[in-house]
Every structure is written in C-alpha cells, then in structure tokens.
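Asker: What would the 3D arrangement of this be:
(one chain, ligands or ions: 1)
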Amino acid sequence: MSQAILNVFTISHYCEKARWAFDYLGVPYRVQVLAPGGHLKLAREHGLRRGGLPFLLTDAGPVQGSAEVVTWAEQAAPADGPVLSTDATRDTIADIERRLDEVAGVHSRRHFYSEAILAQPKAVRSIFLREQPLLQRLKLFAAWGTICTLMARGMDLGPAQRKDSRDILEREFDWLDGLLSDGRPYLAGDQFSRADLTAASLLAPAVRPPDHPLHGVIVSPPLHDADVARWAERSTARWVCAMYAQYRGQKPAS
Ligand SMILES: N[C@@H](CCC(=O)N[C@@H](CS)C(=O)NCC(=O)O)C(=O)O
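Answerer: As a prediction, the model looks like this:
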C-alpha cells in the first residue's frame with residue numbers, strides 16, 4: 001500500500017489532532033499543506049462533497065474528518081505499538097471526543113478568528129503562506145481579502161460572536177475542570193487516549209501550550225491574549241500543557 005497523504009491547513013487544530021494521532025501511533029504518512037480554495041478543488045477531485053480538512057487520501061479512497069482520520073490511523077497502526085483507545089474505554093472516549101469536536105473545537109477557532117481575521121489578517125495570512133510554492137503564495141496574496149470575507153461568513157465571525165464563543169469555552173473549561181477535579185491523569189481510562197489528544201489539540205488555541213508545533217508562530221491578538229492568560233490558571237489549561245509536554249513534544253511545523 002502506498003503511503004497515505006494527510007491534507008491539512010497548517011493553522012488548523014483539527015488537522016493538528018490528526019497529525020498528532022499519526023505521530024503518536026507511529027503510522028507513516030505524508031503531509032500535504034493546502035491553501036484555502038485549493039482544498040475545495042482537491043476535495044472535489046476525490047469525490048468529496050465538502051472541503052473540510054483534514055482529509056486523508058488512501059489507496060481505498062478518501063477519509064474525511066478528524067475523528068474518521070484518527071480511527072483510520074488506529075486501524076493502520078502497528079499491532080505492537082501504542083494505542084489510543086481500548087475496548088473498555090471506546091464508548092466513553094467517543095462521547096467525550098464528539099462533544100470536543102462539536103463544541104470546544106468550533107468555539108476555540110471562532111474565539112481566535114473573530115478577533116484575528118478582523119484585527120490582524122496579515123498575521124493569519126503569513127501562517128497560510130507557510131510551505132506554499134511561489135505561484136500559490138501569489139494567488140493567496142491576491143485573494144486574501146476575499147478569503148477573509150468568506151472565512152468571516154463561513155465561521156460567523158465578529159466581536160459579539162467572539163464573546164459568545166468565549167462564554168461557551170468557559171463552560172467547556174468548567175466541564176473539563178470538573179472531570180479532572182478527582183485527580184485523574186486522563187479523561188477516560190488509565191492511559192493516554194484519543195479523548196486526551198482531542199481535548200489538548202482542540203483547546204490548544206485557547207491555551208497555547210509551549211510544546212505545540214506552532215508555539216510562537218501564531219500571534220494572539222490582544223483580547224485573545226488576555227483570555228488565554230486568564231484561562232492559564234485553570235486546571236484544564238495546565239493539563240493541556242502537560243499532555244503536550246508528555247505526549248507530543250516539539251515537532252517541526254510545516
Ligand atoms: N468536524 C470536522 C471539522 C473540520 C473543519 O472545520 N476544518 C476546517 C479547518 S479548521 C476547514 O477545513 N474549513 C474549510 C472548509 O470546511 O471548507 C473535523 O473534525 O474534521
């Protein structure tokens with residue numbers, strides 16, 4: 001079988017979730033960094049109706065969505081290597097992961113972009129420009145204003161939406177602080193699992209763990225910065241940093 005190709009946006013925390021799973025499980029793969037717009041074209045070429053990243057290209061066809069990609073990686077992982085779920089914890093993990101995918105992931109992204117796309121679009125652009133060939137970079141420069149408009153519409157960005165997402169994130173921090181309050185090291189079961197990996201990667205924009213591959217690359221705008229500083233006191237934020245330090249380590253950003 002040829003190596004699976006994982007299509008990503010460098011900045012995307014859902015893509016970081018998928019990359020972390022591949023790296024942790026020791027499954028060989030190739031990363032392909034896409035530009036906005038290019039991702040829709042490639043998705044269509046492979047018969048996908050939506051462009052959402054991450055999507056994986058395999059010999060058996062495309063696999064789209066971070067949860068589906070992690071499941072594919074689990075199935076492809078060496079039998080004697082690390083695991084990200086067990087039969088005993090699978091259902092609990094699935095419930096936690098679904099909530100994180102649908103709530104924390106969506107709102108940590110809207111909380112960041114609601115300010116960043118409006119206040120510092122060039123800083124966001126510089127992350128999308130990374131690893132792009134010259135022609136693609138020129139296209140991105142030319143289309144950036146339109147891309148920002150589409151992002152603002154697609155993710156429903158704005159100052160009121162930023163506050164709304166901040167409040168929702170507060171509630172998700174409360175939920176996770178509650179789970180961790182009994183002193184458990186992991187969200188489900190007695191070993192690191194995809195529930196932990198999902199929580200840490202999808203909350204990373206709101207925590208900025210020092211061991212994140214993009215730490216220091218993504219610049220927080222001021223209101224975002226203040227929220228991140230306030231949340232840093234939470235047990236969940238400290239736990240996210242610990243998960244990154246222990247299970248991710250510094251990986252070169254692409
Ligand atoms: N629930 C999906 C969310 C994926 C998602 O929203 N991806 C964003 C990047 S963070 C994306 O590709 N947006 C562009 C698009 O949907 O066309 C997952 O877990 O993969």
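Asker: interface residues of this protein facing the ligand?
Answerer: By C-beta under 6 Å from any ligand atom, the residues of the chain that approach the ligand are Phe9, Ser12, Tyr14, Gly51, Gly52, Leu53, Pro54, Gly65, Ser66, Ala67, Asp101, Arg109. Backbone N, C-alpha and C define where each C-beta goes, glycine included.
Asker: Check whether the residue lying closest to the second one once chain neighbours are set aside sits in a helix, strand or coil.
Answerer: Spatially, and ignoring its direct neighbours in sequence, Ser12 is nearest to Leu53 (5.8 Å; C-beta to C-beta, 6 or more residues apart in numbering). For Leu53, the secondary structure call by DSSP: H, G, I helix; E, B strand; the rest coil comes out as coil.
Asker: Next, the contact list for Leu53, please.
Answerer: Neighbouring residues of Leu53 by C-beta atoms under 8 Å, 6 or more residues apart in numbering: Asn7, Val8, Phe9, Ser12, Tyr14, Cys15, Leu34, His39.
Asker: Among the residues you listed, name the ones in strands.
Answerer: Counting by DSSP state E, those place Asn7, Val8 in strands.
Asker: that older thread, would you list the buried entries among the residues of the chain next to the ligand?
Answerer: Phe9, Ser12, Tyr14, Gly51, Leu53, Pro54, Gly65, Ser66, Ala67, Asp101, Arg109 (16 or more other C-beta atoms under 10 Å).
Asker: Now distance to Asp225 too, for the residues you listed, in a markdown table please.
Answerer: Formatted as a markdown table, these follow (distance: C-beta to C-beta, whole Å):
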| residue | distance to Asp225 |
| --- | --- |
| Phe9 | 22 |
| Ser12 | 21 |
| Tyr14 | 23 |
| Gly51 | 30 |
| Leu53 | 26 |
| Pro54 | 27 |
| Gly65 | 31 |
| Ser66 | 26 |
| Ala67 | 30 |
| Asp101 | 26 |
| Arg109 | 16 |
